[in-house]
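A.B. asks: Kindly generate the corresponding structure for this input.
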Amino acid sequence: MRCLAHAVRAYRTVASVKVEVMTPSGSGRFAPGSVAVRRDMFRGKVWSAWPGRVVHDTGDEIAWVSWSGTELTGNTSWISGDDSQRRLEVKASGEWSLGTRVLTDVTFLGFQLPDVWFSVLLLFQPSGELAIWYVNFEQPYRRTPIGIDTCDYIIDLVCNPDGTHEWKDEEDYAHGRRLGLVTDTQHAEIERAKDQAFAMFEQHTGPFDERWLTWRLDPTWPVPVLPDNATTVPAAV
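C.D. replies: Residues are numbered from 1 along each chain as shown. Purely as a prediction, here's the structure:
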């Protein structure tokens, strides 16, 4: 998710995090407006954790939003601005510490889709205009008591409102494969997922449906906050 770095700034090394109670409904779904945490996990450890407010949760698909002022937790290699390939080497080592970043000048509307190897982020500018769709290839999400867990697989697809697109981080993906961050089995799933994601973009379905172009953040919602247990809830992937 390298090209998202412009939307966050380094803040501080994490010592503690603020508390906000998770409020899933009795059905196990998260109610609109409640906080859910999207965690990127690797080998049972948190690589990053994003709090967001739930836009909808159908039981299969979860849409969530984070916006300017939201504080994220992530590995300090990312926070300090290390070279992308260096960050992959840190990840492969299994040894990293966590810090925090704050979103600036952007709104992310994220879609966690059922049983597919990607999620989709819509990036809105401060004006409210859609900038891009950002397709993040990752392990199918699994629910946790505080949100969802997944595992990022490096390569990404950027889709523009004018119909053009661009693949991102292909060299990093090749390096990650050499480091063992992506297995042959996972690579095969990602290749299939590329076709699925691109077909959705071309057909304007799911998160690419034109109705989301006019979506706006509920102005009454407070900025989401990570709960105390954001990094200690057992991994689901």
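A.B. asks: could you point out where this protein is predicted with low confidence?
C.D. replies: 1-27 (pLDDT under 70).
A.B. asks: Show me where it has its helices.
C.D. replies: Using DSSP state H, the helices found in the chain span residues 76-79, 84-93, 170-179, 184-203.
A.B. asks: Mind putting the ones you listed into JSON lines with mean neighbour count and distance to Arg53?
C.D. replies: For every residue, glycine as well, the C-beta is placed using N, CA and C. Conversion of the helices of the chain to JSON lines gives the following (neighbours: other CB atoms under 10 Å; distance: least, CB to CB, whole Å):
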{"stretch": "helix 76-79", "mean neighbour count": "22", "distance to Arg53": "23"}
{"stretch": "helix 84-93", "mean neighbour count": "17", "distance to Arg53": "28"}
{"stretch": "helix 170-179", "mean neighbour count": "16", "distance to Arg53": "30"}
{"stretch": "helix 184-203", "mean neighbour count": "15", "distance to Arg53": "24"}
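A.B. asks: Dump the ones you listed to a markdown table, plus distance to Gly128.
C.D. replies: Shown next, in a markdown table, are these (distance: least, CB to CB, whole Å):
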| stretch | distance to Gly128 |
| --- | --- |
| helix 76-79 | 28 |
| helix 84-93 | 30 |
| helix 170-179 | 31 |
| helix 184-203 | 21 |
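A.B. asks: quick one: contacts for Ala236?
C.D. replies: When contacts are counted by CB atoms under 8 Å, 6 or more residues apart in numbering, Ala236 touches 41, 142-144, 148-149.
A.B. asks: For the residue nearest to the spatial centre of the chain, give me its contacts.
C.D. replies: Centroid check for the chain by CA atoms, centre = their mean gives Arg38 as the closest residue, at 6.4 Å. Contacts for Arg38 (CB under 8 Å, 6+ apart) come out as 49-50, 52, 64, 110, 112, 147-148, 150.
A.B. asks: now swap in Met200 and tell me
C.D. replies: 120, 206-208.
A.B. asks: Give me the PyMOL select line for the residues you listed, limited to the buried ones.
C.D. replies: In PyMOL syntax, the buried subset of these is picked out as below (16 or more other CB atoms under 10 Å):
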select buried, resi 120+206+207+208
